[in-house]
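Participant: sequence-free structure coming up:
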């Protein structure tokens, strides 16, 4: 079974999909902002996953991005 937690591609794809959905709800700004915030967090997870792959071990958690 694949470990998605440590797969940067998985998180980048999720971020891309949620941004595409957010573009389609332009007439609901609050919901759009929530979706974009989620996409930012997926990007953050992708960066952490890439770091984990490079280092070969889990890194200390750092703060998630704020919007």
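Facilitator: Thanks, I have the structure now. Please read these numbers as outputs of a predicted model, since none were measured by experiment.
Participant: only C-alpha atoms for contact and neighbour calcs from this point on.
Facilitator: Will do.
Participant: Need phi/psi at the residue of the chain positioned farthest from its centre.
Facilitator: Most distant from the centre of the chain: residue 27, at 23.4 Å, with distances by Cα atoms, centre = their mean. Per-residue torsions, residue 27: phi -90, psi 10 (degrees, to the nearest 10).
Participant: From here on, call the first residue 17.
Facilitator: Got it, the first residue is 17 from now on, which makes the last one we talked about residue 43.
Participant: who's in contact with it?
Facilitator: Taking Cα atoms under 8 Å, 6 or more residues apart in numbering, we find residue 43 in contact with no residue.
Participant: distance of it from residue 65?
Facilitator: Residue 43 is 33 Å from residue 65, where distance means Cα to Cα, to the nearest Å.
Participant: Pull out the buried positions in the helix or strand in which residue 34 is found.
Facilitator: Using DSSP states H and E, residue 34 falls within helix 24-40. Neighbour counts over helix 24-40 (16 or more other Cα atoms under 10 Å) mark 24, 26, 27, 28, 30, 31, 32, 34, 35, 38 as buried.
Participant: just those now: which is nearest residue 18?
Facilitator: Set against residue 18, the nearest of the buried residues of helix 24-40 by Cα to Cα is residue 26 (10.5 Å).
Participant: Now do the helices in the protein.
Facilitator: Counting by DSSP state H, one finds helices in the chain at the ranges 24-40, 45-71.
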